[in-house]
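S.K.: The sequence and its predicted three-dimensional model are supplied below.
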Amino acid sequence: MKTFFQYITLAGVALAATLACTKENYGDAPKPWDETANYFASADEKGFSTYYTPAIGRVGDPMPFYDGKAGEFKVLYLQEYDNNATYNFHPIWGVSTQDGASYVSLGEVIPVGASILEQDAAIGTGCCVYNEADALYYIYYTGHNGNCTNREVILRATSPDFTTWTKDLLWAMKGDDFGYSKEDFRDPQVFKADDGKWHMVISSNLKFADFVSDDLKTWSHVGSFNMVWDRMCECPDVFKMGDWWYFIYSEGYRAPWSRKVKYMMADSWQGLKDCFGNPGAHWPQDMHDGVLDSRAFYAGKTASNGTERYIWGWCPTRTGATIFDRNVNVGAASEPNWSGALVCHKILQKADGTLTLGEVPAMAAKYNKSKTVKVMASNGATLNGVNGSLKGDDAYILYNRLDAHNHLSFKVTTSNNWDKFGISLVRGTDSKKYYTMVVNPEWEDGRKVNFEEEGEEGKHFIEGVDGYNFARPANNEYKIDIYTDNSVVVMYINDVCAYTQRIYGIQKNCWSINNYGGSITVSDLAVTLY
Amino acid sequence: MRHKLFYIAAALLCMAGCTKKTASDLKLGGDCLIQTISLDNFEGTIDLAARSIVVRLPEVYATSSMEITELTLSNGATCNVVKGQKLNMDAAKGIHVSNGDAFIDWTLSVLHDEARILHFVLNDIYTGTIDQEAKTISAFVPKSEGINALVPTIVISQNATISPLSGVPQDFTEPVQYTVTNNSAKSVYTVNVTAIDKPNALFIGEPANMNDLDPEAGAACQWMLSNVPGALYTSFADFQAGTVELDECQIIWWHYHMDGGVDGHDNFVAKAPYALEAKNQLRAYYENGGAFLLTRYATNLPSFRRTLLGSLGLQHLRRPERAPAVQRSDCWRRPQQGLLHGQRLLYHQLHGPISYPYRWRYR
């Protein structure tokens, strides 16, 4: 009996000894990140939580709407996988968000048809709207299947509670019944126009279609209006803000200057339709023909909670063997990859009614952990803590490594109307290639964000992913806020410029502010993260 | 004593490990079959292996609102549609039948009785052009084939029957009528075959049979044979072998397409060697006053001018020796495609006379 107790005691001691081994005794020692500035081959997290990306697959065309009953935004989107089936793909999934900065997944909302013969074997984008008259949520969407007589048809599904959805197996709207294409009849967007009635705008073959309804159920054809010349315009969205009506669309033309989200503005729904005049188009008078962002933000659609309106689009992933191949593979002459991360901006309306995209208010509060900024290297700089002035060619200040989610905030003041500066990411002291967003003086009073691959092996200006022209600030002060979530980066300048881009390798690498020839001052620099 | 304690403890441990369940909680015992289903009282034919049901309808019948007039499932099964519900059957519908935790996804579709000839080929080579509106089929064969005993291979609509039968030799000296029947649907097609000994125009391509042309060239060839009287198809090989009578041939059209393109000298040599092999015959035809219409990647051919035309340069193509016979025919009056009425062409570069379906431009 005594020996038995001895066994127990031994066992107990052994157990205690095991539990006493802490994690610190295992694995590599932590890397001295802040002591080095060479390039590190980092990787993205599996899913992104700010520029939302699911852990598996990617976000395609978003369909945002404000759910008044639940008091939150819901952003439906087409779920894309690497291994989509041939005919059955793009089920509608969803996320909900209170503030456009953090998201909760709702999972699958509308599945695709199970058979390769069903009209919605594949799904294209659409919209969601709540009908108070019958207390039902309606999702109007595109059924896409080349095996069917009509390749694209408008379909719908309803739900009383946004949880259980019933596809309407009787209702379908075919383009050729109204003189439109059988092949292209998609992206239905429902809104209330200035005649007080529900309207649905649909993209067809180089023409938009306008339908009207009193009850959100039975639709009659109003007429068609042009797209922009011979460019396919998709994912339309229509809303009123203040005194102006706006028409947001994604111009799908395959050229380096196209594949962007743009808008038209007018004083009425009919006025919007007239903007797509024949022969030309009546652009907003905003210096950049209504372009809202770079081509790294596509399929943008909006929703408002009554106070603020946000726009959601996707920032494409890029393909390539290495991150250096991917970062320049922007699809210049044709189109970028389809789908990626969900990016949200706020719609800013100027006094003259023109629009720009700006920072989502909740973002600054989300990135609330302060980070100690350290200068790792510099050239041509007179430093003042982490701020300073830069003068001459190839002047820069190189800062310590970034994390997976960063908010970079600083002010650049140029000494004259021609100075040029830029912000580089993925930049190690040994990097032969790194990536810069250059604020380029296109002309004395005009600026544009260019994307360049700098470094001795860099390809310099990368065509196809530059931003739009905006006015040089009168006082030459540029207030810059940059948000990153893994490889998605968004830069806002002075509420007049928004620039979205996909740059792989940001985390765990240094970054710099550069000066090209002139003289600039960097001030108020801070980095926060979460 | 302590050994006994040990063994008891060990036995207790083992028994604790053996209380795993062997039965799953999933309810998989029920069937998920559709036993009967009818739409507007038309009964569906159920194919369990394919998980599909086809409801056959008369030739003309509206499908956008059909009522489920009959629906019986396996015992205990439920599904996403109910008897009395109306379905839009313009496209197939998925019927999800579940029973407990098991389910089957069925595909329900309709099939109109259709009595059509979809494809008509004589002697495996000469394809007829079908006018579905007029219910006529016209085919051109070289005179050397003979017209008294041509063998048609005919493809007709699913479930239909045809008389006379496909594969049976026919005398096409006079037009022949073919009757296609499918339940309530019936069509009578009149087939006209013309024997041509000297074609007026040729469509040339690589395969022996025009059916084997790529879709673009195939459509171009169909258009030519339907719209240009006395037009025939020939292969480069036959052309090279001299089996085609060229005395009255005004023009040879070659439309050449390959996915991925065929740009550049080397690419062309690699992908279209058969065209270059016929260079002597092509040159002889040209020097005798013949004309070429070269479209799509066939426009690369003149770059081999030294091969084709000896020492002649591109800008100085020699005028033919004998006076050209002026061709006045309505079939040339297509100004939008660049063919000018009554003019002899040397060669004319067109980029596709066919209007492509819109989606090809945005691929």
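M.R.: Received it, and whenever you're ready, just let me know what you need.

S.K.: and the residue lying closest to residue A:361 once chain neighbours are set aside, bridged to which residues?
M.R.: Spatial nearest neighbour of residue A:361, excluding adjacent residues (CB to CB, 6 or more residues apart in numbering or on different chains): residue A:346 at 6.9 Å. Yep, even glycine has a C-beta here, placed from its N, CA and C like the rest. Legend: beta-bridge partners of residue A:346 under DSSP bridges are residue A:310, residue A:358.

S.K.: Isn't residue A:346 up against residue A:355?
M.R.: No - at 10.5 Å, residue A:346 does not count as touching residue A:355 under the criterion of CB atoms under 8 Å.

S.K.: Who's the closest spatial neighbour of residue B:28, skipping the chain neighbours?
M.R.: In this structure, residue B:28 finds its nearest non-sequential neighbour in residue B:102, 5.0 Å apart by CB to CB, 6+ apart.

S.K.: same question but for residue B:149, I mixed them up
M.R.: Once flanking residues are discounted, residue B:149 sits nearest to residue B:169: 4.4 Å by CB to CB, 6+ apart.

S.K.: rewinding a little: run a quick neighbour tally on the residue nearest to residue B:28.
M.R.: Number of residues near residue B:102 (other CB atoms under 10 Å in any protein chain shown) recorded here: 16.

S.K.: Just the helices from chain A, written as ranges.
M.R.: Secondary structure of chain A (DSSP state H): helices located at A:2-20, A:269-275, A:323-328, A:361-366.

S.K.: if we can go back for a sec, my guess is the residue nearest to residue B:149 meets residue B:146, correct?
M.R.: No - at 10.3 Å, residue B:169 does not count as touching residue B:146 under the criterion of CB under 8 Å.

S.K.: joint contacts of the two?
M.R.: Here residue B:169 and residue B:146 have no joint contacts, going by CB atoms under 8 Å, 6 or more residues apart in numbering or on different chains.

S.K.: Residue numbers of chain A in contact with chain B?
M.R.: A:1, A:3-4, A:113-115, A:117-119, A:143, A:145, A:148-150, A:153, A:169-172, A:174, A:181, A:183-184, A:205-206, A:232, A:252, A:254 (CB under 8 Å from any CB of the partner chain).

S.K.: if I look at residue B:199, how far off is residue B:230?
M.R.: Distance from residue B:199 to residue B:230, counting by CB to CB, to the nearest Å: 5 Å.

S.K.: Look at the two and report which has more neighbours.
M.R.: residue B:199 (24 against 19).

S.K.: Please report phi then psi for that one.
M.R.: With angles defined as degrees, to the nearest 10, residue B:199 sits at phi -70, psi 150.

S.K.: Okay, and the beta partners of the closest residue to it other than its chain neighbours?
M.R.: Spatially, and ignoring its direct neighbours in sequence, residue B:199 is nearest to residue B:232 (4.1 Å; CB to CB, 6+ apart). Beta-bridge pairing of residue B:232 under DSSP bridges involves residue B:202.

S.K.: show me the contacts for residue B:232.
M.R.: B:140, B:142, B:196, B:199, B:201, B:202, B:203, B:225, B:244.

S.K.: Give me the below-cutoff pLDDT ranges for chain B.
M.R.: B:1-3, B:6-20, B:305-363 (pLDDT under 70).

S.K.: Pop the domain breakdown of it in here.
M.R.: B:34-113, B:117-194, B:201-359 (automatic domain parsing).

S.K.: Quick one: those as a markdown table, columns for distance to residue A:405 too.
M.R.: Shown next, in a markdown table, are these (distance: least, CB to CB, whole Å):
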| stretch | distance to residue A:405 |
| --- | --- |
| domain B:34-113 | 41 |
| domain B:117-194 | 58 |
| domain B:201-359 | 40 |
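
S.K.: To what extent is residue A:282 buried, counted in neighbours?
M.R.: The burial count assigned to residue A:282 is 15, neighbours taken as other CB under 10 Å.

S.K.: Chain B versus that one, what's the distance?
M.R.: From residue A:282 over to chain B the distance is 25 Å, taken as CB to the nearest CB, to the nearest Å.

S.K.: what residues are up against that residue?
M.R.: Counting by CB under 8 Å, 6+ apart, residue A:282 has contacts A:264, A:274, A:275, A:276.

S.K.: Surely residue B:303 is in a helix?
M.R.: Yes - applying DSSP: H, G, I helix; E, B strand; the rest coil, one finds residue B:303 inside a helix.

S.K.: Skipping adjacent residues, who's closest to it in space?
M.R.: Here the residue nearest residue B:303, using CB to CB, 6+ apart, is residue B:265, at 6.5 Å.

S.K.: just residue A:258 next, same as before
M.R.: Computed as CB to CB, 6+ apart, the closest residue to residue A:258 that is not its neighbour in sequence is residue A:251, at 5.3 Å.

S.K.: and what of residue B:233?
M.R.: Using CB to CB, 6+ apart and skipping residues adjacent in sequence, the residue nearest residue B:233 is residue B:210, 4.1 Å away.

S.K.: try residue A:33
M.R.: residue A:401 (5.1 Å).

S.K.: Can you report phi and psi for that neighbour?
M.R.: The phi and psi values for residue A:401, taken as degrees, to the nearest 10, are phi -60, psi 140.

S.K.: Was I right to think it contacts residue A:512?
M.R.: No - Residue A:401 lies out of contact with residue A:512 (CB under 8 Å); the separation is 11.8 Å.

S.K.: any chance you could map the helices in chain B?
M.R.: With DSSP H as the criterion, chain B has helices spanning B:2-17, B:215-227, B:236-241, B:265-271, B:273-277, B:279-287, B:305-309.

S.K.: Would you mind measuring from the spatially most central residue of chain B to residue A:525?
M.R.: When CA atoms, centre = their mean is applied to chain B, the residue found nearest the centroid is residue B:215 (7.4 Å). Distance of residue B:215 to residue A:525, computed by CB to CB: 61 Å.

S.K.: Then residue A:190?
M.R.: According to CB to CB, residue A:190 and residue A:525 sit 45 Å apart.

S.K.: who has more neighbours, the two?
M.R.: A count of neighbours by other CB under 10 Å puts residue A:190 above the other of residue A:190 and residue A:525, at 23 against 20.

S.K.: Would you mind listing the residues in contact with the more buried one?
M.R.: Residue A:190 neighbours (CB under 8 Å, 6+ apart): A:127, A:129, A:138, A:140, A:198, A:199, A:200, A:216.

S.K.: is it possible to export the residues you listed to TSV including neighbour count and pLDDT?
M.R.: Shown next, in TSV, are the contacts of residue A:190 (neighbours: other CB atoms under 10 Å in any protein chain shown; pLDDT from 0 to 100):
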residue	neighbour count	pLDDT
A:127	24	98
A:129	18	97
A:138	21	98
A:140	25	98
A:198	20	97
A:199	19	98
A:200	24	98
A:216	22	95
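
S.K.: Grab the two from the residues you listed that are most spread out in space.
M.R.: Within the contacts of residue A:190, A:138 and A:199 form the most distant pair, 13.9 Å apart (CB to CB).

S.K.: give me every residue that touches residue A:124.
M.R.: By CB under 8 Å, 6+ apart, residue A:124 lies in contact with A:61, A:78, A:90, A:141, A:142, A:143, A:144, A:152, A:186, A:187.

S.K.: Check those for burial and list the buried ones.
M.R.: A:61, A:78, A:90, A:141, A:142, A:143, A:144, A:152, A:186, A:187 (16 or more other CB atoms under 10 Å in any protein chain shown).

S.K.: Alright, that wraps it up for me.
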